[in-house]
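> could you look at this predicted model? Sequence included:
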Amino acid sequence: MVIDDSKTIRRTAETLLKKEGCDVVTATDGFEALSKITDHQPSIIFVDIMMPRLDGYQTCALIKNNRVFRTTPVVMLSSKDGLFDKARGRIVGSEQYLTKPFTRDELLGAIRRHVDDSERST
């Protein structure tokens, strides 16, 4: 799952991941993502930090506080590369932090690192 309010980022990530054979679900913000997570049960979630209504930190915290999804890996996406932002991501339970613009190899590396081969849908 790719959660980002930027259509460009969502499309870029979706295109890169689909070329690698991943099933991809996208959402424009945390609220939309939370409504789709139960239906799609993603193997990994990439979430932008700066979004309207429900930011990436809040979205990650809600996912990690749900007993069904607490083990689902969450990778934070941000244009900021600050130590504070990375630390805050860890505090809310994210497994990794990628700085935008990310590369194909960074996205795929996160999937390889956090998702078993048997369940490669994002």
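Perfect, I can see it now. Residues are numbered from 1 along each chain as shown.

> what bits of the protein have low per-residue confidence?
117-122 (pLDDT under 70).

> and the end-to-end length of stretch 79-87?
From its first residue to its last, stretch 79-87 covers 15 Å (CA to CA, to the nearest Å).

> equivalent analysis for stretch 27-45, please.
End-to-end distance for stretch 27-45: 11 Å, by CA to CA.

> and that stretch, what's buried?
Buried residues in stretch 27-45, defined by neighbour count with 16 or more other CB atoms under 10 Å: 27-34, 36-37, 42-45. In short, each C-beta sits where N, CA and C put it, glycine included.

> ditto for stretch 7-14
By 16+ other CB under 10 Å, the buried positions in stretch 7-14 come out as 9-10, 12-14.

> what element comes up after the longest helix anywhere in the chain heading to the C-terminus?
What stands out as the longest helix in the chain, according to DSSP state H, is helix 7-19. Note on helix 7-19: by DSSP states H and E, the next helix or strand toward the C-terminus is strand 26-27.
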